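Visitor: show me how the following folds:
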Amino acid sequence: GLLDRLVEAGYERVFVSNSDNLGAVPDPVVAGWFARAGAPVAIEAVRRTPSDRKGGHFARRKSDGRIVLRETAQ
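Guide: Take a look at the predicted model:
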């Protein structure tokens, strides 16, 4: 219901951050790129370090070769 209310109110984009990344803020340069690109979604991705033991990772799906985000819970 929240998404429907936001769309009805005229919102076109939303910034979402995990609760373990409370210092995250939208970057106006990235927001501008996203708006111009017309992409349905954008995600931040960085190289993992030894301290990155939790969370998901990118994988290539065997059925169609697409890159997907696979979470630990999967």
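Visitor: please count neighbours and contacts with C-alpha atoms only from this point.
Guide: Will do.
Visitor: just for this protein, where's the confidence low?
Guide: Filtered on pLDDT under 70, the chain yields the residue ranges 20, 52-53, 55, 72-74.
Visitor: residues in contact with the lengthiest helix in it: which ones?
Guide: When the chain is parsed with DSSP state H, its longest helix is helix 28-37. Residues outside helix 28-37 that contact it (C-alpha atoms under 8 Å, 6 or more residues apart in numbering) are residue 42.
Visitor: right, and the helix or strand after that helix?
Guide: strand 57-60 (DSSP states H and E).
Visitor: partner strands of that next one, with direction?
Guide: Next to strand 57-60 in the sheet, as set by DSSP bridges, lie strand 67-70 (antiparallel).
Visitor: ok, residues contacting the partner strand?
Guide: Taking C-alpha under 8 Å, 6+ apart as the rule, strand 67-70 contacts 56, 57, 58, 59, 60, 61.
Visitor: now with 10 Å?
Guide: With C-alpha atoms under 10 Å, 6 or more residues apart in numbering as the test, strand 67-70 has contacts from 43, 55, 56, 57, 58, 59, 60, 61.
Visitor: closest one to residue 23 out of the residues you listed, please.
Guide: residue 43 (16.2 Å; C-alpha to C-alpha).
Visitor: tell me who's in contact with that closest one.
Guide: Counting by C-alpha under 10 Å, 6+ apart, residue 43 makes contact with 16, 69.
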